[in-house]
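> compute the structure for the input listed below.
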Amino acid sequence: MPQVKIVARNFMDMVASLPAFKLDKLYENSFICEAILRSLPPLAKKYVLQMLYIEGPVSAKWLEEWVLPDGVSKHKVAVDRLIQLRIFTETIERKKETTYLLNPTFQSNLQKHIVHGGVLPREPMASNITVRLPTLEDLDAYAVQQWEYFLLHLINSTEAEKSTNISSSMMRIFQRGLLNQKDDKEPAKLTESGFQFLLMDTNAQLWYIIREYITNCEEHGVDTADLISFLLELSFHVTGKAYNLNTLSDIQRNILKDLTDLGLVKLQQGRKESWFIPTKLATNLSISLADTSSRKQGFVVVETNFRMYAYSTSKLHCEILRLFSRIEYQLPNLIVCAITKESLSKALLNGIAADQIISFLQQNAHPRVAERTPSVPENVTDQIRLWESDLNRLEMTPAHFYDEFPSRDVFEATCDFAREYGGLLWENSKKMRLVVKAEIFPQMKEFLRKQKQ
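Residues are numbered from 1 along each chain as shown. You can find the predicted model right below:
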């Protein structure tokens, strides 16, 4: 899926923004050290592993000797990321020689983890206590179903099951910036960022939601470092195994209840004990921090006559396609739809860009057509862009028209004032007329009043 960034910061930037003492606290957990290592750019991983058993600082010149001539820019990115995460401490000595020292806490715990392996604070429960655990196939189906429920709610779909347990307060947290609602009477609409969110792969979507969840918890007094540590630690549990809820703190149990809504864990109750079962969504969290370009199998075939055939049983896929096309009919494993000027105009008016739609179709092309060049017919992509340009031919801007200035000096001063505020749309020097954006009307009114005095 396209790596669309709908927020300025990614998850590791959030980690890097933590205070120094909280980062050091995170690095006391060997599993967190491994998760952070996985997230690093390839060259940064190489530096960490090569310096792992070096005691003392390493000079910048020595580090540069490990880099090929064409890798200077990647070297700078790698070093900057290591400094941001406080894995490297940069020191500039009197002789203006720069050195880098590996964070001692990070270094020590990563060494132990590599040599001895990590030990989770909890072990899987015995099989004689946890009866009737779901199979891995059932657990995968549960995770997919819960995640689809959430996304269907996000696009305000009537197909979303009313029986889902996602609370309205949690939905408001998850939908920050993805939905826009002018007032309570109108239904919430998907924003441009929301559509970009739907285009992302599941892991990228999940980390976006977790970032928003962490931000919300921080506002309610939960320690960010503890929350990040628990989430990354959760990714090292075994999929399908049961873990006792009594091994968790009250805050961690509340977090798990929220994560159940998204399908990261499944909660079960026995006669005496309660337990949680991590799904693949949870155990893939730390793996998904790495920048992988693994392609998800597509399902859409686009024809030159603007018809689309989507080989899918997913209600979610149907609702996403409905955002920019007309659904003609649906079979158990096939959705037939068409891209029309009306359906595309509706999508464009909702803030969806033509390039986003084209990118979605290319990234989700069925394997039979994915290897073709182009995977989406050129006449279709060209027409989508033409329809967008037609819609954007005229742009409405509320404005005010000014004329009958008492003198040219007042006219030029008014033009300069409007230009300084970024509100000048048009001017005619000969007839002393100008058009200014309505948003700076109060400032213009005050300026002209002073000119009359």
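> tell me where the stretch 51-200 of the chain has strands.
For the stretch 51-200 of the chain, the strands identified by DSSP state E, counting those that start in this stretch occupy 58-59, 88-92, 98-102, 179-180, 189-190, in order along the chain.
> how about the stretch 301-450 of the chain?
Here the stretch 301-450 of the chain has its strands, by DSSP E, counting those that start in this stretch, at 307-310, 326-331, 334-338, 399-402, 424-428, 433-437.
> out of those, which gets nearest to residue 21?
Each of the strands of the stretch 301-450 of the chain was checked against residue 21 via CB to CB, and the shortest separation belongs to strand 433-437, namely 47.9 Å. All C-beta atoms are positioned from the backbone trio N, CA, C, and that covers glycine.
> which helices and strands does that closest one pack with?
Using 3 or more CB pairs under 8 Å, 6 or more residues apart in numbering; DSSP states H and E, the elements in contact with strand 433-437 are strand 399-402, helix 408-420, strand 424-428.
> could I get these as CSV with distance to residue 314 and mean pLDDT?
Converted to CSV, these look like this (distance: least, CB to CB, whole Å; pLDDT from 0 to 100):
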stretch, distance to residue 314, mean pLDDT
strand 399-402, 46, 93
helix 408-420, 52, 90
strand 424-428, 47, 91
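> how about these, which one is nearest residue 106?
In terms of CB to CB, the element of the helices and strands packed on strand 433-437 nearest to residue 106 is helix 408-420, at 50.7 Å.
> which residues does that closest one contact?
Applying CB atoms under 8 Å, 6 or more residues apart in numbering, the contact partners of helix 408-420 are 402, 405, 424, 427, 429, 432, 434, 436, 440, 443-444, 447-448, 451.
> buried residues in stretch 34-43, which are they?
When burial is assessed from 16 or more other CB atoms under 10 Å, stretch 34-43 yields the following buried residues: 34-41, 43.
> tabulate the helices and strands packed on strand 433-437 (a markdown table), appending mean neighbour count.
A markdown table is the format used below for the helices and strands packed on strand 433-437 (neighbours: other CB atoms under 10 Å):
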| stretch | mean neighbour count |
| --- | --- |
| strand 399-402 | 16 |
| helix 408-420 | 15 |
| strand 424-428 | 14 |
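> what would those look like in JSON lines with distance to residue 391?
Output for the helices and strands packed on strand 433-437, formatted as JSON lines (distance: least, CB to CB, whole Å):
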{"stretch": "strand 399-402", "distance to residue 391": "21"}
{"stretch": "helix 408-420", "distance to residue 391": "29"}
{"stretch": "strand 424-428", "distance to residue 391": "21"}
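> between the ones you listed, which one is nearest to residue 346?
With CB to CB, the closest approach to residue 346 among these belongs to strand 399-402: 27.3 Å.
> contacts for that closest one next, please.
414, 425, 433-438, 441, 444.
> out of those, which one sits closest to residue 98?
For the contacts of strand 399-402, the residue nearest residue 98 by CB to CB is residue 437; the value is 49.4 Å.
> so what's residue 136 up against?
Taking CB under 8 Å, 6+ apart as the contact definition, residue 136 lies against 239-240.
> before we move on, back to that, out of the strands of the stretch 51-200 of the chain, flag the one nearest residue 381.
Using CB to CB as the criterion, the shortest distance between residue 381 and the strands of the stretch 51-200 of the chain is 22.5 Å, found for strand 189-190.
> contacts for that closest one, please.
Judged by CB under 8 Å, 6+ apart, the contacts made with strand 189-190 from elsewhere in the structure are 154-156, 178-181, 198, 323, 350.
> just the buried members of those?
Applying the neighbour count, that is 16+ other CB under 10 Å, the buried entries in the contacts of strand 189-190 are 154-156, 178-180, 198, 323, 350.
> nearest to residue 119, of the helices and strands packed on strand 433-437?
helix 408-420 (64.5 Å).
> now the angle between strand 424-428 and that closest one, please.
Counting by axes from the mean of the first three to the mean of the last three CA atoms, to 10 degrees, helix 408-420 lies at 150 degrees to strand 424-428.
> output helix 408-420 as CSV, nothing but the C-alphas.
The C-alpha coordinates for helix 408-420 follow below in CSV (Å, rounded to 0.1, in the frame of the first residue of the first chain):
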residue,chain,number,x,y,z
ARG,A,408,-3.9,57.4,-5.9
ASP,A,409,-1.7,57.5,-2.7
VAL,A,410,-4.6,56.0,-0.7
PHE,A,411,-5.2,53.4,-3.4
GLU,A,412,-1.5,52.3,-3.5
ALA,A,413,-1.3,52.3,0.3
THR,A,414,-4.4,50.1,0.5
CYS,A,415,-3.0,47.7,-2.1
ASP,A,416,0.2,47.4,-0.1
PHE,A,417,-1.7,46.8,3.1
ALA,A,418,-3.9,44.0,1.5
ARG,A,419,-0.8,42.5,-0.1
GLU,A,420,1.1,42.5,3.2
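> re the thing from before, dump the strands of the stretch 51-200 of the chain to TSV, plus mean pLDDT and distance to residue 127.
Compiled in TSV, the strands of the stretch 51-200 of the chain are given as follows (pLDDT from 0 to 100; distance: least, CB to CB, whole Å):
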stretch	mean pLDDT	distance to residue 127
strand 58-59	90	49
strand 88-92	90	45
strand 98-102	92	42
strand 179-180	72	44
strand 189-190	72	45
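> so which of those gets nearest residue 273?
Nearest to residue 273 among the strands of the stretch 51-200 of the chain is strand 179-180; the distance by CB to CB comes to 39.1 Å.
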